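Enquirer: here's a sequence, model it:
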Amino acid sequence: MSKTMQTVILCGGLGTRLREETEFRPKPMVNIGDRPILWHIMKIFSYFGHNDFILPLGYKGEMIKEYFWHYELMNNDVTIELGKQDSYRLHNCHDEAGWKITLANTGEKTLKGGRIKRIEKYINGDTFMLTYGDGVANININELLEFHHKHGKIATVTGISPTARFGELNINNDQVISFQEKPETSESGHISGGFFVFSNRIFDYLSDSEDCDLEFGALEKIAGAGELMVYKHSGFWACMDTVRDVEYLNKLWIEGNAKWKTW
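Expert: Okay, the predicted model is just below:
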């Protein structure tokens with residue numbers, strides 16, 4: 001078992017390609033079944049013993065705060081005695097006991113790199129994990145961590161090989177030679193699936209400016225310096241980017257075929 005580690009889940013984007021849902025809620029709060037995709041992502045990490053989460057918030061971030069503020073009340077049976085202030089008792093404790101969640105306002109329009117830099121003060125160790133708030137996988141988180149610790153570089157990105165909608169990885173063995181965000185065509189067969197591990201040295205490549213991105217700039221420079229490695233994941237991975245994706249993930253969940261459900 002790898003040492004418990006903090007996990008940053010990016011929750012601040014506008015989700016413009018999912019406007020039908022994100023007009024009313026932030027993308028990480030769009031449901032798969034009766035729970036937000038954010039909850040599913042957190043359950044993946046929690047299954048491997050990583051329960052310390054940092055959520056950089058942006059667009060409609062107050063909805064995510066409200067969800068976790070009322071989590072105990074909404075996910076337990078409760079006995080309330082009227083007329084007595086703060087008199088209530090929870091029953092049937094849920095499985096998420098022990099989760100620590102830091103909800104950080106990082107600006108509505110801030111790009112991903114700026115969001116990460118703005119939560120630097122909450123990072124305790126010399127290594128942390130990070131993923132996007134819209135992707136699920138049956139990835140072995142502890143194997144990912146072990147891979148990262150063995151190579152000793154600044155960053156590890158999980159490489160998957162579906163379509164070429166996302167950042168392409170030009171790979172030599174397990175080292176990323178270059179990182180290209182959303183190319184027109186894919187030649188390597190692997191793209192970025194999120195699920196990163198970073199050394200604290202990543203912060204040297206970031207600023208707290210609104211226009212500081214992660215993929216355009218930071219990861220390109222880190223790859224160019226030979227400091228970005230790829231952990232190849234051949235199992236299930238899916239990103240909730242469109243209404244069709246939402247329908248697909250919900251279909252898998254309803255049918256009991258949600259391959260990311262490792263818990």
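Enquirer: ranges for the helices of the stretch 51-200 of the chain?
Expert: 61-69, 71-74, 112-118, 141-151 (DSSP state H, counting those that start in this stretch).
Enquirer: tabulate those (CSV), appending distance to residue 91 and mean neighbour count.
Expert: Heads up, the C-betas are built off the backbone N, CA and C, glycines and all. Shown next, in CSV, are the helices of the stretch 51-200 of the chain (distance: least, Cβ to Cβ, whole Å; neighbours: other Cβ atoms under 10 Å):
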stretch, distance to residue 91, mean neighbour count
helix 61-69, 20, 17
helix 71-74, 11, 13
helix 112-118, 37, 24
helix 141-151, 31, 17
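Enquirer: what's the helix or strand for residue 19?
Expert: If you go by DSSP states H and E, residue 19 is part of helix 19-22.
Enquirer: quick revisit: rank the helices of the stretch 51-200 of the chain by pLDDT, which is bottom?
Expert: The minimum mean pLDDT among the helices of the stretch 51-200 of the chain belongs to helix 71-74 (a mean of 90).
Enquirer: low-confidence bits of the stretch 101-250 of the chain, can you list those?
Expert: Applying pLDDT under 70 to the stretch 101-250 of the chain flags the ranges 162-169, 179-188.
Enquirer: do that again at 50, thanks
Expert: Within the stretch 101-250 of the chain, the ranges that satisfy pLDDT under 50 run 164-165, 184-186.
Enquirer: and the strands in it?
Expert: Along the stretch 101-250 of the chain, the segments classed as strands by DSSP state E, counting those that start in this stretch run 127-132, 135-137, 155-160, 168-172, 175-180, 191-192, 196-199, 228-232, 237-239.
Enquirer: could I get the helices of the stretch 51-200 of the chain as TSV with distance to residue 26?
Expert: Listed next are these as TSV, based on distance: least, Cβ to Cβ, whole Å:
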stretch	distance to residue 26
helix 61-69	6
helix 71-74	16
helix 112-118	13
helix 141-151	24
